[in-house]
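S.K.: Sharing a model that was predicted from the sequence below.
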Amino acid sequence: MQFIYLVVIILFCLGLYTILMNTNLIKIIIGINIMDSSLVLLLVALSYKPAGTAPIIDKQYSVIVDPIPQALALTAIVIGASITALMLLLTIKLNRYYNTLDISEIRRLRG
Amino acid sequence: MRRIYILALILILASLLFFTFYDLIQPKEFIDDKAQISEYYIEHGVKETGAINLVTAILFDYRAFDTLGEATVIFIAVSAISLLATKERVLVSDTNFSPIVYQGISFIIPFLYILAFYLIFYGHLSPGGGFTGGVVIATTFVLLKMTFGIRYSKEEKSLQRRSLIESIGALGFILVGILGIIMGDNFLANEGAGFHLGIAGQLLSAGVIPILNLFTGVKVGSGLAIIFHRLVREE
Amino acid sequence: MIAAIFLIVVPLLAGFSFLFIDKYLAKFRKLFILGTGLITLLLSIELLIQVIKHPLVYNLGNWKEGIGISLIIDPLGGILAVLIAFISFIIILYSLSYIKNHQLKYYTLLFLLITGMLGMVLTGDLFNLYVFFEITSIISYVLVAFNKNDTSFEASFKYMIIGSISGILILLAIILIYQSTGTLNLAQLVITARVIPIQLKKVITVLILIGFGAKFAVVPLHTWLPDAHSTAPSPISALLSGVVIKVFLYALLRVLFILFKVDELLALDFNNLFLYSGVITLFTGHLLAYRQDKLKRLLAYSSIAQIGYILIGIGLFNERGLEGAIYHVINHAVVKGVLFMTAGIFILKTKKKNIGDLKGVGYQLPLSSFIFTVSALNIVGLPPFNSFISKWLLLHAALKAGFIIPASSILLGSLISLSYYLRIIILLYSKVKEELTSIKISYQLQLAPLLLSLFYLPLALFPNFLLLLIKKAPLFLLKTINYYNILLGGKEWIGLFG
Amino acid sequence: MIQLIIYLLLFFIILTAFFAVFANSLISSLIALSILSSNLVILFVILQAPDVALAEVVIASGITTGFFIITIDKTGGRR
């Protein structure tokens, strides 16, 4: 189980690496998406308890996983998707004006 | 040179996070305090909200204000994309699929609608809820547009109607909240606003939660359909 | 009590229903826009009057504190709410005659922006703070791109990348806080934050410092601000520079002071961090502003410098410093709002953005130029004006605490700013032969900056009245047990209310 | 058994993440991102979070991928 946290760290750092190193706009957005996914994974992993069941109480239960991080994870997913949609629209727009997807090229063209 | 700096930065961050999580997953004395609140939800959640799905109970009752903010975020994304996208008509090349695709899609659409409304109306009983159901509704629009071409639905007129529907969904959410104040309770109150909680586990239960689910689903569905339409029509 | 929730709901309702008003009741559109602004302003004043007497809690859905979400409003939140509502009202007044196209989406987004800022100031829940933080940020990105040209899209995308990273860092910090304390209520965190191990606390602090710091443009993270604030339409620049960055600063202060007690902050040398990053921010802002040749870019860099002043005031971690900082927040919001609005009028008139093209505008737009001159001298901090008072308070507090370098940099920075603002003023009133353009500027457009600049008078003449309000604010930050006491009904205040 | 599945899923998640970052063509990195989300969905179901899994499957690996594909198509980045 502890490996999940390691995966979260790897995904987080990989996303940050993509944002900082890549110059392609769509790759940058993919990096932000990977970072978002890592946080959702972290939230779900934190909510999990060994031998727990899902937070739907329709029969006898012994251990229930923590429902709050799951609710927070839902919010995080929705907000991340909205930002992604917005960034993709701006990417299309930037491509139309500068005819490239390369951010350093765009910066150079702008002067 | 820049590459080395960035790599160093990321390595520092990784080690920082590693030790943080290492601390975090060790059981500590604060565990009692933490148990209190989630225990509270597990113990009293069904009785107080009438929903047996605790995640929905938290999203649409205990922390419904967050959900209102979330719906606002989608509303903002839709407004922003309609603002920034071009308004003039763009020619979109139609792709021709094989008849199997057309038949298959028209066969699958009703089932998708059933799935969407199941997810919305059973949000307090089983996994799902307004957001998920709304996105499934939006998916049907996406499928229809992709297979039957972009001019299948009436262009600008249907977009306007859809943004009206979206506004209605958003307004409904707030008006349900204000109803709580009118009934002499607080904003977004459930039982205090005169809604019956019913028997937990039945379809008509949990007071305000199915209503909010419906509004959210309508809002998210029409909103994401608008976003998709705008993006496709963008040059 | 009821004013607190309606303060958030009224602009939100206005934003959602504006589509209907625009479609079916187009005649009442102007009335609706102005009315919403006015109602928000009145509600915020009502709230401030209540809060000054007694800080209050509003539990949404009538759940107990800590179970549901509650709004917790202390004097600092009340003051900032009035500031936001007031500046927004003036901006709405200005926008009515400035924004000519895409009005429907513009006002929808503007109302929701007001909602987001008010929510961030009033909320008492950590995750709710994050939601409103994202609302405010997303609308800022969009409104930066409102002009729909290449530079504005580029600025918006840059802002968006930095903003998304900062949002993710803050979400991570919130997850860590929740996992180690088990509560999201800000007031309960005052008590439960003690159990967070110090190592974890440091990590959380790094995350929120970078996360919120990127949003209010502390120096190594400031690169997006000049682009974003100079390409946005002028009313939005005024709002972004005037209030939005201050709201993010407020959020940082709130979370930071809840996590740490003041003694811990001093033991960890946070005062030096704040003070010297403030000094660096101040000099970077002023020196880069000196080299600009575009008017709105210069004003944007000047905003970075003013954040430096505020950071110096906060970094002292005592009451005097915080009072000066809050007073400076108010002054800067008012003055920078006027400056951006008049800059918008100049750009409308001359059709050009460079400072060199402002030659002789002073004779063709006497009123706006006069307001601009007064405001420029005001923001420099010359004696008869209100910025002088707040800068004097900051200087006094810094000297009293024995920090010589920050104190002297306040004076030196003001000198630099005097030099570059004087350059503009001299250009404004230099003689030219011919008329610049034949564009008429209506008096309606000049009404909003005039109204806002009239507030220099009370701010400068009766500082004691405002200081009386402000004096109550620092005690809720420095002695956070007071903030926790709000939940208990407020029986035992420490050093407050007599 | 379930441990083994979890480890396998985690391995695939890392693999797809690296592929999404370092792939040359945008479409393949996008497909990798979508597979990453799908793997996350299975993991969420195993970790007893059905709500999050449903949201992730329709939002992150469903409609967001659609938006990405439209963008790549519009910007001619299918190289």
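M.R.: Structure received. The model shown is predicted, which means the values in this text are computed figures rather than measured ones.
S.K.: Excluding chain neighbours, what is closest to B:Ala138?
M.R.: B:Leu224 (3.6 Å; CB to CB, 6 or more residues apart in numbering or on different chains). C-beta here means a position set from N, CA and C on the backbone, and glycine is covered the same way.
S.K.: So that neighbour belongs to a strand, correct?
M.R.: No. Counting by DSSP: H, G, I helix; E, B strand; the rest coil, B:Leu224 falls outside a strand, being helix.
S.K.: Return the distance of it relative to chain C.
M.R.: B:Leu224 is 16 Å from chain C, where distance means CB to the nearest CB, to the nearest Å.
S.K.: That residue against D:Ile63, yeah?
M.R.: Yes. Between B:Leu224 and D:Ile63 there is a contact at 6.1 Å, judged by CB atoms under 8 Å.
S.K.: Which of those two has more residues huddled nearby?
M.R.: Legend: neighbour count by other CB atoms under 10 Å in any protein chain shown for B:Leu224 and D:Ile63, higher for B:Leu224 (31 against 22).
S.K.: Contact partners for the more buried one?
M.R.: By CB atoms under 8 Å, 6 or more residues apart in numbering or on different chains, B:Leu224 lies in contact with B:Ile74, B:Gly134, B:Val135, B:Ala138, D:Ile63.
S.K.: In the residues you listed, find the pair that's most separated.
M.R.: Comparing every pair within the contacts of B:Leu224 by CB to CB identifies B:Ile74 and D:Ile63 as the most remote, at 11.6 Å.
S.K.: that older thread, got the contacts of B:Leu224 as CSV, with pLDDT, secondary structure and distance to B:Ile37 columns?
M.R.: Shown next, in CSV, are the contacts of B:Leu224 (pLDDT from 0 to 100; DSSP: H, G, I helix; E, B strand; the rest coil; distance: CB to CB, whole Å):
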residue, pLDDT, secondary structure, distance to B:Ile37
B:Ile74, 91, helix, 28
B:Gly134, 90, helix, 29
B:Val135, 90, helix, 29
B:Ala138, 89, helix, 34
D:Ile63, 88, helix, 33
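S.K.: okay, now C:Glu46: neighbour count?
M.R.: When neighbours are defined as other CB under 10 Å, C:Glu46 has 16 of them.
S.K.: Flag every residue of the stretch 351-498 of chain C that's near chain B.
M.R.: Nowhere does the stretch 351-498 of chain C come near chain B, counting by CB under 8 Å from any CB of the partner chain.
S.K.: Name the surrounding residues that touch the helix or strand hosting D:Leu4.
M.R.: Taking DSSP states H and E as the criterion, D:Leu4 maps to helix D:2-22. With CB under 8 Å, 6+ apart as the test, helix D:2-22 has contacts from A:1, A:3-4, A:7, A:10-11, A:14, A:17-18, A:22, A:27, A:30-31, A:34, D:28-30, D:32-33, D:35-36, D:39-40, D:42-43, D:46.
S.K.: and if you look at stretch C:438-445?
M.R.: Contact partners of stretch C:438-445, identified using CB under 8 Å, 6+ apart, comprise C:Tyr94, C:Leu96, C:Ser97, C:Tyr98, C:Ile345, C:Leu348, C:Lys349, C:Lys351, C:Leu365, C:Ser368.
S.K.: Let's see the PyMOL selection covering just the buried ones among those.
M.R.: To isolate the buried ones among these in PyMOL, judged by 16 or more other CB atoms under 10 Å in any protein chain shown, type:
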select buried, chain C and resi 94+96+98+345+348+349+365+368
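S.K.: Identify the single longest helix in the chain, thanks.
M.R.: Since you didn't name a chain, this refers to chain A. Looking across chain A with DSSP state H, the single longest helix is helix A:67-98.
S.K.: please go with chain B instead
M.R.: Under DSSP H, chain B gives helix B:155-182 as its longest helix.
S.K.: Quick check: which helices or strands does it pack against?
M.R.: Contacts defined by 3 or more CB pairs under 8 Å, 6 or more residues apart in numbering or on different chains; DSSP states H and E place helix B:155-182 against helix B:64-84, helix B:208-233, helix C:2-24.
S.K.: can you do 6 Å?
M.R.: Packing partners of helix B:155-182 (3 or more CB pairs under 6 Å, 6 or more residues apart in numbering or on different chains; DSSP states H and E): helix B:208-233, helix C:2-24.
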